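Asker: Starting from these lines, generate the structure:
(chains A, B, C and D)
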2 protein chains.
Amino acid sequence: MLSAGLVGCPLFKGVAKPDLEPLLGCLGLRLQTYKKGEAIWHAGDSVREIGIVSSGCVHVLKLDAWGNSNIIAEIEAGGLFGEAVVFSISGEIPNSVVACEDTEVGFFSFMRLLTTCPSSCAFHSLAIRNMIVAFARKNMMLEEKMEHITKRSTREKLLSYLSSQSRQKQSRKFDISFDRQELADYLSVDRSALSLAMSKLKDEGIILYRKNHFVLLGDANG
Amino acid sequence: MLSAGLVGCPLFKGVAKPDLEPLLGCLGLRLQTYKKGEAIWHAGDSVREIGIVSSGCVHVLKLDAWGNSNIIAEIEAGGLFGEAVVFSISGEIPNSVVACEDTEVGFFSFMRLLTTCPSSCAFHSLAIRNMIVAFARKNMMLEEKMEHITKRSTREKLLSYLSSQSRQKQSRKFDISFDRQELADYLSVDRSALSLAMSKLKDEGIILYRKNHFVLLGDANG
DNA sequence: CAATATCAGTTGGATTTGCAACGGATGTGA
DNA sequence: TCACATCCGTTGCAAATCCAACTGATATTG
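Answerer: Below you'll find the predicted structure:
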């Protein structure tokens, strides 16, 4: 029985529905159900399998050394968890994973994923490729955000972000998708401080903006 | 002719020297030399190949919208560049890459990497696996750092870092590898502000430390 | 159209940060 | 042992940040 979560999983992107079942068999996927609130993994567990949320929803939690907990991610049907950990040296997960509602999870061995099957499952290499693409994309997003956030001042963080957006949109005029509060959260700064920095940059003739539309001024403008 | 850079490349970890040459042929690796200062890629180029520094050294540069340049990474023999980009949607690199000395670079198509060869090159799947492992590891490192840096205050950044170290070392007592300046750089804060936060935490009885040895105090201590 | 909600810019005050400088502790080499 | 360098905690101060609150502008809804 194929759940919608498995069909929509980005790991299987490009795999037609009828082809999915053999691929799952090839990966040795095993399904398991959890009650709401039940722990799937505890932080520190040694994990050798990748999890896919087949139906329901799980939370990835971080507990600090003083017992404070913090929700890192909410992963819904189709989402993966533990995908990075299984490839790491220790295999120990730094976070706990709990079902936040009644949930069905699929597990499979990453070794099975990496080893192309002798029966030459046509979509196996596609799954590998999807996995690499997912990692690479996440990597680039993280690196981009890191570059903004490591700047010391709100002003520099903002300029770094706008510069990056301009590069991506290939124009000195562009719209952004964040509202002010979201942008502040993304850059890890206070909203009012962000507004202030924006106003100042406008006064100084470095940028123009109106709502979510921005124009970067400079030597050559546009 | 196999350069030391290619032999030591993490992509080929686990591949014995005599087995490397056929693998390189299988990947379709082509070598190219660049003079010091010569550009290998310009930001915005559409890139479909992964680069390996065979000998010499390259710099990955970021140019912002106002023309300021910034060295993102220095990649020496054995290092990869463009590895994330080729898997992205657009394939456009956000950074420029220039040779910072006379340099030989190998290029290969990521499609050739992903597609296991019909001649069943034994080490091909190992290269794929190495690539996934490299991505996954980088991912986890980035995520960990992100978690510290997104905290608003120096104090919280420090606690987040120490908590994470304690978890990794599986003890409330542990040594860290950074000196103060390096830790400050890692957390993107000022060294003296870091020292101040540390002193305050010590005064409040939350942590103990001496040089690079730390002890986290709390409900249960150790 | 009026009532309401949301978003964004501004302001003021308490706090924190970055920066520069100083001084003590420790280590190193001649 | 002395001179020198490095590392680290501390301090003073200017500047930036956070937080809370207020205001005006712009939807949204009944």
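
Asker: which helices and strands does the longest helix seen in chain A pack with?
Answerer: Longest helix in chain A, counting residues (DSSP state H): helix A:124-149. Packed against helix A:124-149 by the contact rule (3 or more CB pairs under 8 Å, 6 or more residues apart in numbering or on different chains; DSSP states H and E) you find helix A:17-27, helix A:110-114, helix A:154-169, helix A:180-187, helix B:110-114, helix B:124-149. C-beta coordinates here come from the backbone N, C-alpha and C atoms, glycine included.

Asker: Any idea which of the ones you listed gets closest to A:S3?
Answerer: Of all the helices and strands packed on helix A:124-149, helix A:17-27 sits nearest to A:S3, with 10.6 Å by CB to CB.

Asker: That closest one near chain B at all?
Answerer: No - Helix A:17-27 lies apart from chain B when judged by CB under 8 Å from any CB of the partner chain; the minimum separation is 14.6 Å.

Asker: Mind listing what's buried along that helix?
Answerer: Neighbour counts over helix A:17-27 (16 or more other CB atoms under 10 Å in any protein chain shown) mark A:L20, A:P22, A:L23, A:L24, A:C26, A:L27 as buried.

Asker: What's the first helix or strand after that helix?
Answerer: strand A:30-34 (DSSP states H and E).

Asker: Kindly export that next one (C-alpha atoms) in CSV.
Answerer: Provided in CSV are the C-alpha atoms of strand A:30-34 (Å, rounded to 0.1, in the frame of the first residue of the first chain):
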residue,chain,number,x,y,z
ARG,A,30,10.1,-1.1,6.4
LEU,A,31,7.1,0.8,7.8
GLN,A,32,6.4,1.4,11.5
THR,A,33,3.7,3.3,13.3
TYR,A,34,4.0,5.6,16.2
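
Asker: who touches stretch A:199-209?
Answerer: Stretch A:199-209 has contacts (CB atoms under 8 Å, 6 or more residues apart in numbering or on different chains) with A:R155, A:L158, A:L159, A:L162, A:M198, A:F214, A:V215, A:L216, A:L217, A:G218.

Asker: hmm, which of those are the buried ones?
Answerer: A:R155, A:L158, A:L159, A:L162, A:M198, A:F214, A:V215, A:L216, A:L217.

Asker: contacting residues for the second one?
Answerer: Contacts for A:L158 (CB under 8 Å, 6+ apart) come out as A:L187, A:L194, A:A197, A:M198, A:L201.

Asker: related to what we said a few turns ago, out of the contacts of stretch A:199-209, which are close to DNA strand D?
Answerer: Within the set of the contacts of stretch A:199-209, contact with DNA strand D (CB under 7 Å from any atom of the strand) is found for A:R155.

Asker: now, among the contacts of stretch A:199-209, which is nearest to DNA strand D?
Answerer: A:R155 (5.8 Å; CB to the nearest atom of the strand).

Asker: which ones are touching the closest one?
Answerer: A:R155 makes contacts with A:A197, A:K200, A:L201, as judged by CB under 8 Å, 6+ apart.

Asker: repeat for A:T103
Answerer: A:T33, A:Y34, A:K36, A:V53, A:S54, A:S55, A:G56, A:C57, A:V58.

Asker: Confirm that the fifth one sits in a strand.
Answerer: Yes - secondary structure of A:S54, determined by DSSP: H, G, I helix; E, B strand; the rest coil: located in a strand.

Asker: pLDDT value on it, please?
Answerer: In the predicted model, A:S54 carries a pLDDT score of 94.

Asker: Just the buried residues of stretch A:27-39, please?
Answerer: By neighbour count with 16+ other CB under 10 Å, stretch A:27-39 contains the buried residues A:L27, A:L29, A:Y34.

Asker: Kindly reformat those residues as TSV containing pLDDT and distance to B:G14.
Answerer: Output for these, formatted as TSV (pLDDT from 0 to 100; distance: CB to CB, whole Å):
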residue	pLDDT	distance to B:G14
A:L27	90	23
A:L29	93	27
A:Y34	97	37
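
Asker: returning to what we had before: could I get the helices and strands packed on helix A:124-149 as JSON lines with distance to A:G5?
Answerer: Formatted as JSON lines, the helices and strands packed on helix A:124-149 follow (distance: least, CB to CB, whole Å):
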{"stretch": "helix A:17-27", "distance to A:G5": "12"}
{"stretch": "helix A:110-114", "distance to A:G5": "18"}
{"stretch": "helix A:154-169", "distance to A:G5": "31"}
{"stretch": "helix A:180-187", "distance to A:G5": "27"}
{"stretch": "helix B:110-114", "distance to A:G5": "26"}
{"stretch": "helix B:124-149", "distance to A:G5": "22"}
